[in-house]
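# I would like the atomic coordinates for the input below:
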Amino acid sequence: MAHVRNWVEQTCAQWRVPIPEVLTLVASELASNAIAHTHSGRPGGQFATRLLLYPDRMRLEVRDAGPLSGRTPLRRTPALTAEHGRGLVLVDALATDWGRLPAGTGTFVELPRVPGRSA
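Alright, predicted model coming up:
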């Protein structure tokens, strides 16, 4: 997911806005989930990222190629012994808002902007 993290950092640099500390982490998590849990991770699959800048927040959207089997719940608690499944728990703790995109398939996350220069 280094490609997604680099894209987020480069986009913020082009906009000349400070990067929220956790933005690259949540971007990596959402992109990883798109690859692991949707047709985006299949041969020929793709996903798209979009970063939106608002006066008080940033919104990252990851649009995927649709779920592998039905719509799975986004929020679930992993077993204590599970090796995976904590990424969205982390996203939930760090984001001011997140969830499914209102149209199509994918996920969004919103984080507060870092005080500093404006775009």
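
# so what does the helix or strand bottoming out on mean pLDDT in the chain touch, helix or strand wise?
Least confident helix or strand, the chain: helix 87-94 with a mean of 85, by mean pLDDT, DSSP states H and E. Counting contacts by 3 or more C-beta pairs under 8 Å, 6 or more residues apart in numbering; DSSP states H and E, helix 87-94 packs against helix 23-37. Heads up, the C-betas are built off the backbone N, CA and C, glycines and all.

# got the buried residues for the helix it packs on?
Neighbour counts over helix 23-37 (16 or more other C-beta atoms under 10 Å) mark 23-35 as buried.

# if we can go back for a sec, CA atoms only for the least confident helix or strand of the chain - export them in CSV, please.
Output in CSV follows, covering the C-alpha atoms of helix 87-94 (Å, rounded to 0.1, in the frame of the first residue of the first chain):
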residue,chain,number,x,y,z
GLY,A,87,-8.0,-2.2,10.8
LEU,A,88,-11.5,-0.8,10.7
VAL,A,89,-11.6,-0.7,14.5
LEU,A,90,-8.6,1.6,14.3
VAL,A,91,-10.2,3.6,11.5
ASP,A,92,-13.3,4.0,13.7
ALA,A,93,-11.2,5.3,16.6
LEU,A,94,-9.2,7.8,14.4
